[in-house]
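Participant: with the sequence up front, the predicted model follows.
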Amino acid sequence: MQSVAEDTFVEEEANPFATKAIGLKRRDQIVSILLRLGTYFILSCAAYIFLDIIVKGAPVVFQAEAPFINTDFFTQSPETLMTFETASGDEYKMNFSEYTEFKTRNPAIDIVDEHSHAYSGGGIFGPLIGTVLLTGICIVIALFVGLTTAIFLNEYSSKGKFMDLIRLAIMNLAGVPSIVYGLFGLGLFCLVAPVVTDVPAPRAILTVPLLFTDSVLSFEGWGTCMLAGGCTLAVMILPVIIAACEESLKAIPMGFREASMALGATKWQSISKSVLPYAFPGMLTASILGITRVAGETAPIMFTAALAHKDKLPWQDIPTDAEANALSQSAEWVGGFFSQSVQAMPYHIYTVAARIPQSEYTKPMQYGSVFVFMVVVLIFAALSIYLRAHFRKKVQW
Amino acid sequence: MSDSNADTQKGSSDFEKRIFQRKGFTFFGLGLQDVIRYFFGGNASLAIIILILICFFLAKEAAMFFPDHHRGLKAYRSAGQEFVDYIGQEIEQHTRIYSSANIAYFAEVNRTSLEEDAILRAQRAVLANVESLTARSWKELERGLDNLEDAQEDLDDLKESEGALDASALSKLTKDIAQLEAKIVTVRAKLKKEVTVVLGSEKAWDLGGGGIGISSGARAKVLDAVLFEAFPDSKEDHPFIVETKAASRAKKGLEAEKLAGFKDTLKALQSAVRPMKDLHSDLKKIALESRKEINSLETAPARRDAWLAGAESTDDPAEKARMLARAGEVVIAAPDLSALNAPIYSSVDEHRTLLATLQAEVERLHKDLPDGAETESGRKNLKKADHYYGEFVTTVRENRDKIQGWRHDKSLGLMASVGAFLMGKDWVTNSSWHDFYGLLPLFTGSFLISIIALVVAVPFAVSAAVYVNQLANRREQTFIKPAIEFIGAIPSVVLGFFGILVFGETLRMVSQLEYLQWIPGFPMAERLTILNAGLLLAFMAVPTIFTLTEDALNNVPRALAENSLAMGATKLQTVFRVIVPTAISGIIAAVLLGFGRIIGETMVVLLVAGNKIKIPDFTEGLGVIAQPAHTMTGIIAQELGEVDNGSLHWRALFMVGVILFVISLGVNFTAQQILKKLQKI
Amino acid sequence: MKTTMSKNRITNTDIPEENRVISSHAGGNTAETIIGIDDVNFAYNKGTDVLKDVSLDINRGEVTAFIGPSGCGKSTLLRCLNRMNDLILTASITKGSINILGTDIYDPKVDPIELRKHVGMVFQKYNPFPKSIYENVAFGLRIQGIKKASILDEVVERSLTYAGLWDEVKDRLHSSGLGLSGGQQQRLCIARTIAVEPKIILMDEPCSALDPLSTAIIEDLITRLKNEFTIVIVTHNMQQATRVSDRTAYFYLGELIEVGPTTTIFNNPTEKRTEDYISGRFG
């Protein structure tokens, strides 16, 4: 009993649960502040990059008077920018096409101190169109193959060595560097892929005569063109699309399929009626995610599709045989359309950033392009991030 | 399985029998459902087909690379180029000793006149700045002066011309001249005003980091001198500048006198190698001729075939005869390699004696080099010279046997080609001498950049993941996670663009800050360096590592954290002793995948790594990060567009692609295995 | 047990031997209160109390069992005792106070970290850390900054011996704790808890994930543990309550219906609802 009293005495004197290890507490606080600083440091780096590009790029794209947007920048293609002075001391800055016109108009003018700045004039219409086309081709192919693969993996496949192999292949494809895809695309699509032609090129590695026609199937490649670029990008993005589609299929409860099958639906009916519609949002997210990745890639299209300079827009002046019938003419047109190279935003940025001499006159083109490109890509990125968060939160079966 | 009309007609008993049988049409014995299934399965196998195709296309080029490469190496040996390069190596090692010692010497000589030199440099820099900032007025002035000169010449011509003076023309010209003169005066005044304004602004004083070491008094004087010189009237230097120049010269002279011994040693060192260099250049010419013969033998059949084909296709008999004659002229006999290499064999003894003298000389002179120096740069470079001396001795020793035993017809295995590719220290293309395809400079570049990126990215990404997952409040979580994912969406070319236009310069400026000099490699002389690329790639790798680490932390069962907390652990003790160790394999996988992403990244390194194909100089220690480098991805992107399909160079680039492919597969596979193991727990 | 459990750490600092003998065998009125729960209301979200006006004294050196149907608040009350409910942001005590060792544990001056060092907890699902057996047991000491190997070795051996696990694992102390069987893992968790020598051990259905054999071993362990610690156990298993506890508290819908010596509650309950529950009419 004596000891009880003693115990009580001690307990009354001091709170036994008071903070004892003050040093420990302080260390805790310091470490968590450090972690927080690390986190915000990353974010501030990002903010710095964004701000730099916005501050220097926005003035190129927007303007003070109506229509507030520099329409020329969006409707013209990149051109050489000419800067020169006349003997009277006037300074001029104009695109090359205007410059030749100007010179024919004023033949007497005495031009001194003339400089040309490659790709610094005009706008970014051509590259934008090219990027849209490449991304479009890529997404159509990648979604088709990716979606069917995902459906097979998630709905039809049974466990086994073959499935493990497919999964392993897909996972490892995801890690292959994009430049290696570029090499692959060049090797396969540009140099070996089959085309139907009357006159096979000497470099064709194999020609197969097509029955009942004059044409042959010649394995000579498509050359550097948007179809090759789109396919290369599609192959590159495939693992991402498959993974995302499979994830959205997995999120559909087993019960949906079982219930549908129990009502006598065939496998395909239950997939198409009670799985795919609910997996649609996830697939939409996947494709937007795919667009974001693909639109920003440079390395795979460098040798397969992209071109630094092109006068004509993709749909202009495609040669067709005027004597042929309408059907074969349009087929020829389509073939011609897809087998030309295009300008692309990322490649254009690479060109203006690293392959031309730098001067103050190249800055607006550089920052303007980067700004527009960033805005476009990041809108898609934001959309995919938002959609993913949204559907994850909303949809709970 | 048969058609359903029959079913209904056969009455109910039959119908009942068949009620559970499969219905619908069949296709080659397969039901519709099977067809659908195989359709999907076929598409799924596409992934494997693509992987196989990638392997095939890369392997095809690679498989053709080594025989070609091997043939090249054989020619290199047969022509005696290999022998010549052995000598070249010795000379190069010697040159390194000499140039390091030389830098040390000049650092010593200049050490007392540093301030004067800084002033002169500053004056030149400011003058250049002022001129570029007032360029327009300058041009105007120059034009004015030109016009004036022309007018005066016209006037002189007019005066000298025979016959009657054209009075009206004369008066017009004089008037013009007067006008021009007046204009020049105004332009000058304008220019003077502009220059004064410009000098007041900080822009003029941007010395590109060279402004260290001028006192404010000197600065005022520089300003004065610049003002004095900034106008075209002044033909001579400002007295202050003249004075400074003289002072600098005098001080240097004084130091040079003190270091006369050093200078003599350097001179002796330089002349010691001369006979060797002469021998080298003689042999080089011979070897190059031999190589040409060997190369022409290789192309001979193709050339003859071309002539023959031409003869075949032409109808003109005369032309045909000419072409056939040309075809007959093509020599397809192998050159007598022993005869070609005879001069080389005979030079072995000469080389030996030369080398012996050179080595003795270098050894003696190396001892004569001063041990210590007054300046930091002097000490550093003398130490370097010492280091290079060691390398010189090793090279000579290693080359001795190689040179003695060198035979132009020694057999060369295919493995030698593989070794020369994987371990080769040079990547030289389009060379008139010999194309070297050595992976090492590219691999070291890629590897160094990746290591820097990882060293920087991992702490930030992991701490951000820990913070967001464990410590942040909900509002921070909903904001930080998408923000970091957003970073992952920035296209790499944009980051590269940022690196080349903004970050490189910023980094260089930062590297010149006094209190950051402890960082190895600082101050940096260049914008585009390994460090620049490494930091940008670190930024790129952060989202990958962050997201995967965050996932791994998220997968740690809550119960573990509760247990730890229930034992009286603090929040952070729980995080670092329980949660992070539990998630560690996930974090390692995240880091590996981040590494895979970094090493395969192309655009950033292509734009900002500096693209210098050379193994970085590791004698600088960690300072190596301030040097430019080239990378495996960068070289493919840069060179593939410019080479012929199927050439050796093209295949070499594909071979680099194979190496990248193998590395990334290895990294990815390891990461997947680690993750798999994690899932089992 | 006392021979292996070295006296100087647990017995010296806390309970004198004579006192412990009294309290553990007297089983009721004469015992000293160690936890005083006074008129407590608790809510996970404001406005919906899951505990209502709970008042209860828990005596030193006894095993007190909380019984009652699912969702009656017994686990919640248990988690109030070492403030594990603090981890849920919106949860809080809305009325009343809990005193442990004479201190109001919801006083701002109380550091929950320190509190939890004195009030240990064993969870329903055994969950050793993915570390070695040794590190699992030493964890509590390590986080208190004890690094000396001799102390750690001693405590690990003592705790494992006390938990009856020493002979089974002494040859593989440095292999993963996850390699043990379920019952062994739960005993490892108990060893981990007693290594820091808490005064009170809270057990949240410690046997519900175990097979009958392992349950018997754990129950045996609990009866041995009460010589050294005060134990509060939440259980669904009525037999278990009668087997291991000295006193039993019956909860229903957040209210404490009845509390008393276990024998009284089970043989002679005063409340009708208690009788219904223990005789299996509902629950």
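Facilitator: The structure has been received and is ready for your questions.

Participant: how about the helices in chain C?
Facilitator: C:7-13, C:17-26, C:74-81, C:112-118, C:133-143, C:149-162, C:166-169, C:182-195, C:212-225, C:238-244, C:262-267, C:272-278 (DSSP state H).

Participant: in the stretch 351-500 of chain B, what residue comes closest to chain C?
Facilitator: residue B:474 (8.5 Å; C-beta to the nearest C-beta). Yep, even glycine has a C-beta here, placed from its N, CA and C like the rest.

Participant: quick one: low-confidence parts of chain A?
Facilitator: A:1-14, A:21, A:87-89, A:392-397 (pLDDT under 70).

Participant: and if you look at the stretch 101-250 of chain B?
Facilitator: In the predicted model of the stretch 101-250 of chain B, residues B:162-165, B:202-216, B:227-236 satisfy pLDDT under 70.

Participant: I'd like the distance between residue C:107 and chain A.
Facilitator: Distance, residue C:107 to chain A, by C-beta to the nearest C-beta, to the nearest Å: 7 Å.

Participant: what's the answer for residue C:168, then?
Facilitator: Counting by C-beta to the nearest C-beta - residue C:168 and chain A are separated by 34 Å.

Participant: what is the burial count for that residue?
Facilitator: 16 (other C-beta atoms under 10 Å in any protein chain shown).

Participant: before we move on, the earlier item: OK, contacts around the residue of the stretch 351-500 of chain B closest to chain C?
Facilitator: For residue B:474, no contacting residues are found, by C-beta atoms under 8 Å, 6 or more residues apart in numbering or on different chains.

Participant: over to it: give its phi and psi.
Facilitator: Dihedral pair for residue B:474: phi -60, psi -40, per degrees, to the nearest 10.

Participant: gap between it and residue A:46?
Facilitator: Distance from residue B:474 to residue A:46, counting by C-beta to C-beta, to the nearest Å: 21 Å.

Participant: now do residue B:143
Facilitator: From residue B:143 to residue A:46 the distance is 49 Å (C-beta to C-beta).

Participant: on that earlier part again, can you add mean pLDDT and distance to residue B:581 and give the helices of chain C back as CSV?
Facilitator: Output for the helices of chain C, formatted as CSV (pLDDT from 0 to 100; distance: least, C-beta to C-beta, whole Å):
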stretch, mean pLDDT, distance to residue B:581
helix C:7-13, 38, 27
helix C:17-26, 38, 37
helix C:74-81, 89, 25
helix C:112-118, 84, 20
helix C:133-143, 88, 9
helix C:149-162, 91, 18
helix C:166-169, 90, 20
helix C:182-195, 89, 15
helix C:212-225, 89, 27
helix C:238-244, 88, 34
helix C:262-267, 88, 41
helix C:272-278, 83, 43
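
Participant: buried deepest among those, which one?
Facilitator: helix C:182-195 (a mean of 25; mean count of other C-beta atoms under 10 Å in any protein chain shown).

Participant: how about that one against chain B, any contact?
Facilitator: Yes. Counting by C-beta under 8 Å from any C-beta of the partner chain, chain B has neighbours in helix C:182-195: C:189, C:192, C:193.

Participant: ok, the second one touching residue C:134?
Facilitator: Think residue C:192. No. In this structure, residue C:192 is not within contact of residue C:134 by C-beta atoms under 8 Å, at 10.7 Å.

Participant: before we move on, back to that, any chance of CSV for the residues of helix C:182-195 next to chain B, columns distance to residue B:380?
Facilitator: Converted to CSV, the residues of helix C:182-195 next to chain B look like this (distance: C-beta to C-beta, whole Å):
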residue, distance to residue B:380
C:189, 61
C:192, 57
C:193, 61
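
Participant: of the residues you listed, just say which sits nearest to residue B:379.
Facilitator: Nearest to residue B:379, judged by C-beta to C-beta, of these is residue C:192 at 59.0 Å.

Participant: report the strands that pair with the longest strand along chain A, each with its relative direction.
Facilitator: Selection of the longest strand in chain A by residue count, based on DSSP state E, yields strand A:111-122. Sheet pairing for strand A:111-122, assigned by DSSP bridges, gives strand A:78-86 (antiparallel).

Participant: what's the partner strand in contact with?
Facilitator: With contacts defined as C-beta under 8 Å, 6+ apart, strand A:78-86 is touched by A:91-97, A:99, A:109-124, A:126-127, A:309, A:343, A:348, A:352, A:361-362, A:365, B:139.

Participant: and after it, which helix or strand comes next?
Facilitator: strand A:91-95 (DSSP states H and E).

Participant: so what strands line up beside that following strand?
Facilitator: Counting by DSSP bridges, strand A:91-95 is paired with strand A:78-86 (antiparallel).

Participant: OK, contacts around the closest residue to chain B within chain C?
Facilitator: Relative to chain B, the nearest point of chain C is residue C:117 (3.2 Å; C-beta to the nearest C-beta). Residues near residue C:117 by C-beta under 8 Å, 6+ apart: B:567, B:568, C:140, C:144, C:196, C:198.

Participant: so the second one makes contact with residue C:140?
Facilitator: Yes. Under the criterion of C-beta under 8 Å, residue B:568 lies in contact with residue C:140, with a separation of 6.9 Å.

Participant: name the residues contacting each of these two.
Facilitator: C:117, C:196.

Participant: measure the nearest residue to residue A:92 once chain neighbours are set aside to residue A:352 for me?
Facilitator: Leaving out its chain neighbours, the residue that sits closest to residue A:92 by C-beta to C-beta, 6 or more residues apart in numbering or on different chains is residue A:84, at 5.5 Å. Distance from residue A:84 to residue A:352, counting by C-beta to C-beta: 21 Å.

Participant: so residue B:56 sits in a helix?
Facilitator: Yes. Assessed with DSSP: H, G, I helix; E, B strand; the rest coil, residue B:56 lies in a helix.

Participant: burial count for it?
Facilitator: Residue B:56: 14 surrounding residues under other C-beta under 10 Å.

Participant: enumerate the residues of the stretch 51-200 of chain C near chain B.
Facilitator: C:82, C:84, C:87, C:113-118, C:120-121, C:123, C:125, C:127, C:129-131, C:139-140, C:142-144, C:178, C:189, C:192-193, C:196.

Participant: change it to 6 Å
Facilitator: With C-beta under 6 Å from any C-beta of the partner chain as the criterion, the stretch 51-200 of chain C meets chain B at residues C:113, C:116, C:117, C:121, C:125, C:127, C:129, C:130, C:140, C:143.

Participant: out of those, who's nearest chain A?
Facilitator: Using C-beta to the nearest C-beta, those come closest to chain A at residue C:113, 7.6 Å.

Participant: tell me the contacts of that closest one?
Facilitator: B:568, B:570 (C-beta atoms under 6 Å, 6 or more residues apart in numbering or on different chains).
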